[in-house]
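[1] turn this into a structure:
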Amino acid sequence: MLTDQTLRDLAATARHLRVEILKMLNTARSGHTGGSLSAIDVMTVLYFHSMRHDPSNPSWEDRDRFVLSKGHAAPALYACLAEAGYFSRDDLKTLRRLGSHLQGHPDMNKTPGVEVCTGSLGQGISQAVGLALAARLEQRSTRVYTLLGDGELQEGQVWEAAMAAAHFGLDNLCAIIDANALQIDGEVAKVMNVAPIGPKFLAFNWHVLEVDGHDIQAICRALDDAEKTPGRPTLIIARTVKGKGVPFFEHKASYHGVPPSDEELGQALEHLGHS
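    Down below sits the predicted model:
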């Protein structure tokens, strides 16, 4: 049940995870700030409200699966996994270090809770389609979620996967677009316009929803709607702000792959109310 207290708890968790992401990136002196912050509200709802998973048993066969198709936002995924209990929070300090299980992109062979290796854009949704089809063939109630960037929609493989998901009627699949309108080279609309996203997926026979990707309640309701929609996969277009939560990072492509400096980290943590 979605109560006011649940919404407050999820918002507090998302704020805490923003702190963990920024500290992680600053320590590593490397990594992706903007896209991790834009995606964290959606991922918070998934990991701490919507998905069925068991950190004490990452291989539980009936768990829901999450595929981070925009693999460069790995700090957001690692923050969620550590907070959920898949591994120690202290491990976050080892991001991108030699020998660490927390590499620059998710690695299923090293990190507990990571379902598949991702990083090459466009491939995650294809793997999610395969996982969803396998779950249905095995008659499991597993749901599969995948998060893509809007710039990632420029990859042709995305559309092959979208066509396959609709062909097989994968109503256990929910794809979410982190639509922050920016990619490393600038505005998505200027690099290669992917709009209109909704009508394109509708034409592929997907169920399409659009929400404010930082509105916790709206995200919860959209995910519930997706779960109740039979016969076809669901796409949720989450309108987000790159760098969300720290004003001097917001709406800036320049922070796509740049970590916060020591000074920026201090200012960001102060803004987030972290002493």
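[2] from the chain's centre, how far out does the helix or strand hosting residue 8 sit?
    Assigned by DSSP states H and E, residue 8 belongs to helix 4-28. Helix 4-28 sits 14 Å away from the centroid of its parent chain (Cα atoms, centre = their mean, to the nearest Å).
[3] that one: which residues count as buried?
    Applying a neighbour-count criterion of 16 or more other Cβ atoms under 10 Å, one finds 7, 10-11, 13-28 buried in helix 4-28. Yep, even glycine has a C-beta here, placed from its N, CA and C like the rest.
[4] pretty sure residue 35 contacts residue 179?
    No. Using Cβ atoms under 8 Å, residue 35 is not in contact with residue 179, being 11.3 Å away.
[5] looking at the two, which is more packed in?
    Neighbours around residue 35 and residue 179, counted as other Cβ atoms under 10 Å, are more numerous at residue 35. The numbers are 27 against 24.
[6] what helix or strand is that one located in?
    Assigned by DSSP H and E, residue 35 falls in helix 34-45.
[7] check which element follows that helix along the chain.
    strand 65-68.
[8] quickly run through the sheet partners of that following strand, with directions.
    Neighbouring strands of strand 65-68 in its sheet, by DSSP bridges, are strand 144-149 (parallel).
[9] output the following helix or strand past the strand it pairs with as PDB, nothing but the C-alphas.
    The C-terminal neighbour of strand 144-149 among helices and strands, as given by DSSP H and E, is helix 156-167. These are the backbone C-alpha positions of helix 156-167, laid out as PDB (Å, rounded to 0.1, in the frame of the first residue of the first chain):
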ATOM      1  CA  GLY A 156      19.200   0.700 -33.800                       C
ATOM      2  CA  GLN A 157      19.300  -2.400 -31.600                       C
ATOM      3  CA  VAL A 158      16.800  -0.800 -29.300                       C
ATOM      4  CA  TRP A 159      14.200  -0.900 -31.900                       C
ATOM      5  CA  GLU A 160      14.800  -4.500 -32.800                       C
ATOM      6  CA  ALA A 161      14.300  -5.300 -29.200                       C
ATOM      7  CA  ALA A 162      11.200  -3.200 -29.000                       C
ATOM      8  CA  MET A 163       9.700  -5.000 -32.000                       C
ATOM      9  CA  ALA A 164      10.600  -8.400 -30.500                       C
ATOM     10  CA  ALA A 165       9.100  -7.600 -27.100                       C
ATOM     11  CA  ALA A 166       5.800  -6.600 -28.700                       C
ATOM     12  CA  HIS A 167       5.800  -9.600 -31.000                       C
END
